[in-house]
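> got a sequence here, can you model it:
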Amino acid sequence: MPGGRLTQQERQQIALGVADGLAYAEIARRLDRPTSTITREVMRNGGPAGYRADLAHRATERRAHRRGQTASRGGQAARPADGRDTEAVREYEELFTTYLMQSGLPKMMSRLLASLYMTDTGSLSASELVQRLQVSPASISKAVAFLESQELVRRERDERRRERYVVDNELWYQSSIQSAKANIELAKLARQGVGVFGSGTPAAVRFESIARFLDFLGESMIRAAEQAHEILYTKPATEDGPPPEGDDPSTRKVS
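Down below sits the predicted model:
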């Protein structure tokens with residue numbers, strides 16, 4: 001059943017597909033499952049290099065058992081103070097982490113970034129992250145350093161001078177600009193290849209095409225990010241209606 005839990009036999013088929021280098025979409029088609037189900041299953045259980053059907057099945061059973069215990073203990077318990085469904089939040093955090101990993105971020109960095117985004121404040125201290133993720137302070141430090149280098153996280157100090165790691169709207173903008181600039185730098189490198197291999201040669205033509213593509217892509221990304229910048233700070237329309245006339249961020253000049 002496409003909507004039911006994965007069976008052990010299905011997990012064995014996933015493992016074979018991963019080992020054969022099949023795309024997640026192809027594995028999903030063969031099992032009549034959503035591609036997101038296969039992606040999440042693999043990424044939460046070791047990734048493409050470490051996925052094992054038997055280990056994944058046991059891990060899923062343990063998670064289901066823990067959820068069952070939590071439900072039986074808290075069946076009559078009041079909802080958390082924030083009114084959120086704890087299990088739904090946990091599942092969403094796991095899904096968000098999976099897609100960060102799929103986009104290319106290492107697992108530790110993905111877990112840390114997801115944890116920050118799941119908080120209302122958008123910030124956590126090193127000790128809070130250690131407790132939340134159950135890893136060493138050194139792991140947190142290494143992950144933060146990497147995320148800082150990608151402009152995905154920034155540091156600040158609170159009123160007690162404690163260092164905190166923060167995510168906010170501006171970081172999305174800065175990260176987009178960083179990615180665009182990386183494409184432009186790669187275009188410059190590709191153009192060096194044109195000189196190395198000789199203008200007009202097949203290799204040089206290939207490098208020139210890559211350079212033109214990356215130039216266009218990088219410059220387009222920068223323009224789009226600048227035009228969309230204020231969207232990050234514009235509250236979405238409410239049931240009372242759209243934003244007031246003249247308050248369309250797409251018409252504003254970005255400095």
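
> which stretch of helix or strand covers Gln174?
Counting by DSSP states H and E, the element that carries Gln174 is helix 169-197.

> list the buried residues of the next helix or strand after that helix.
From helix 169-197 onward toward the C-terminus, using DSSP H and E, the following helix or strand is helix 202-228. Judged by neighbour count using 16 or more other C-beta atoms under 10 Å, the buried positions of helix 202-228 are Ala204, Phe207, Glu208, Ile210, Ala211, Leu214, Asp215, Leu217, Gly218, Met221, Ile222, Ala225. Where you see a C-beta, it was placed from the backbone N, CA and C, and this is true even at glycine.

> the helix holding Gln174 to helix 202-228, inter-axis angle?
Per axes from the mean of the first three to the mean of the last three C-alpha atoms, to 10 degrees, the angle that helix 169-197 makes with helix 202-228 is 160 degrees.

> enumerate every residue touching the closest residue to Glu170 other than its chain neighbours.
Distances taken as C-beta to C-beta, 6 or more residues apart in numbering place Leu232 nearest to Glu170, at 7.3 Å, with adjacent residues excluded. By C-beta atoms under 8 Å, 6 or more residues apart in numbering, Leu232 lies in contact with Asn169, Glu170, Trp172, Tyr173.

> Ser125 against Glu163, yeah?
Yes. Between Ser125 and Glu163 there is a contact under C-beta atoms under 8 Å: 6.8 Å.

> looking at those two, which one has more neighbours?
Ser125 (15 against 11; other C-beta atoms under 10 Å).

> can you pull up the most central residue in the protein?
Central residue of the chain (C-alpha atoms, centre = their mean): Leu100, 2.2 Å from the mean position.

> neighbours of Gly46, how many?
15.

> and it, how far from Gly195?
As judged by C-beta to C-beta, to the nearest Å, Gly46 and Gly195 stand 44 Å apart.

> name the residues of the helix holding Gln174 that are buried.
Under the neighbour-count criterion of 16+ other C-beta under 10 Å, helix 169-197 has 171-177, 179-180, 183-184, 186-187, 190-191, 194, 197 buried.

> spatially nearest residue to Tyr233 (excluding sequence neighbours)?
Tyr233 sits nearest to Asn169 (C-beta to C-beta, 6+ apart), 6.2 Å away.

> my guess is that neighbour contacts Thr234. True?
No. Using C-beta under 8 Å, Asn169 makes no contact with Thr234, being 10.2 Å away.

> pick the one among the buried residues of helix 202-228 closest to Thr121.
Ala225 (25.2 Å; C-beta to C-beta).

> give me the nearest residue to the closest one, chain neighbours excluded.
The shortest distance from Ala225 to any non-neighbouring residue, by C-beta to C-beta, 6+ apart, is to Ser176 (4.3 Å).

> touching, that neighbour and Arg223? I think so.
No. Using C-beta under 8 Å, Ser176 is not in contact with Arg223; the gap is 11.0 Å.

> could I get the contacts of Leu232 as CSV with pLDDT and distance to Ala28?
Listed next are the contacts of Leu232 as CSV, based on pLDDT from 0 to 100; distance: C-beta to C-beta, whole Å:
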residue, pLDDT, distance to Ala28
Asn169, 84, 34
Glu170, 87, 37
Trp172, 84, 30
Tyr173, 89, 34
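
> between those residues, which is nearest Thr121?
Asn169 (13.6 Å).

> tell me if Arg155 really is in a strand.
Yes. Counting by DSSP: H, G, I helix; E, B strand; the rest coil, Arg155 is part of a strand.

> so what pairs up with it in the strands?
Beta-bridge partners for Arg155, by DSSP bridges, are Tyr165.

> follow-up on the earlier one: and the residue nearest to Ala225, how far from Ser110?
18 Å.

> and if you look at Arg206?
For Arg206 relative to Ser110 (C-beta to C-beta), the value is 34 Å.

> then His57?
His57 sits 23 Å away from Ser110, going by C-beta to C-beta.
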